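Asks: Here is my input; please provide its structure:
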Amino acid sequence: MEMIRLSREDWKAIRAETDNDHEWLPGPQQKGASPLTGLEVGEQQVQAWLAALDMAEDLLKGRTLLPHFRIADKGINMKRFFDEPKTFDLVLSITGPAIAPYLERGKILTSEEFNQIQRQFGGAGFLTFALWFN
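Replies: Next up is the predicted model:
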């Protein structure tokens, strides 16, 4: 949650900058490709990033549930997953039994919601920007 809060603070500061001189992370008002990545940051990417932060916050606070590919009608409450930890077993988590205690009915994140954000990052992709932005 702290990373999400700090990322929002970063973008407030980045957007407030008025210069355009050797930016590590340029805002949409600072034109030109970053010497670090060769990418430009437009308003579209900033809005998508802020939406991704909202999505992550909703997942971590348990307002939205994480889907599990084997279970259609319930999702994983990630707040409970982190607040009520049990011994982690990757195989049992993938197959389902280890995440059973965290399954709930409610709003489940859809692949379309995530894909909509991903599309805003273009060819470089969400992961490239996520690594750069953090």
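Asks: give me every residue that touches residue 22.
Replies: Each residue near residue 22 by CB atoms under 8 Å, 6 or more residues apart in numbering is listed here: residue 35. Just so you know, the C-beta spots here come from the backbone N, C-alpha and C atoms, and that holds for glycine as well.
Asks: For it, give its distance to residue 132.
Replies: Plainly put, residue 22 is 15 Å away from residue 132 if you go by CB to CB, to the nearest Å.
Asks: what's the longest helix in the chain?
Replies: helix 43-60 (DSSP state H).
Asks: Give the next helix or strand downstream of that one.
Replies: With elements assigned by DSSP states H and E, the helix or strand that comes after helix 43-60 is strand 66-68.
Asks: Would you give the sheet partners of that next one, along with the direction of each?
Replies: The strands that strand 66-68 pairs with in its sheet are strand 71-76 (antiparallel) (by DSSP bridges).
Asks: nearest residue to the residue nearest the centre of the chain other than its sequence neighbours?
Replies: Taking CA atoms, centre = their mean, the centroid of the chain lies closest to residue 52, which sits 4.0 Å from it. Leaving aside its sequence neighbours, residue 52 sits nearest to residue 117 (CB to CB, 6 or more residues apart in numbering; 5.2 Å).
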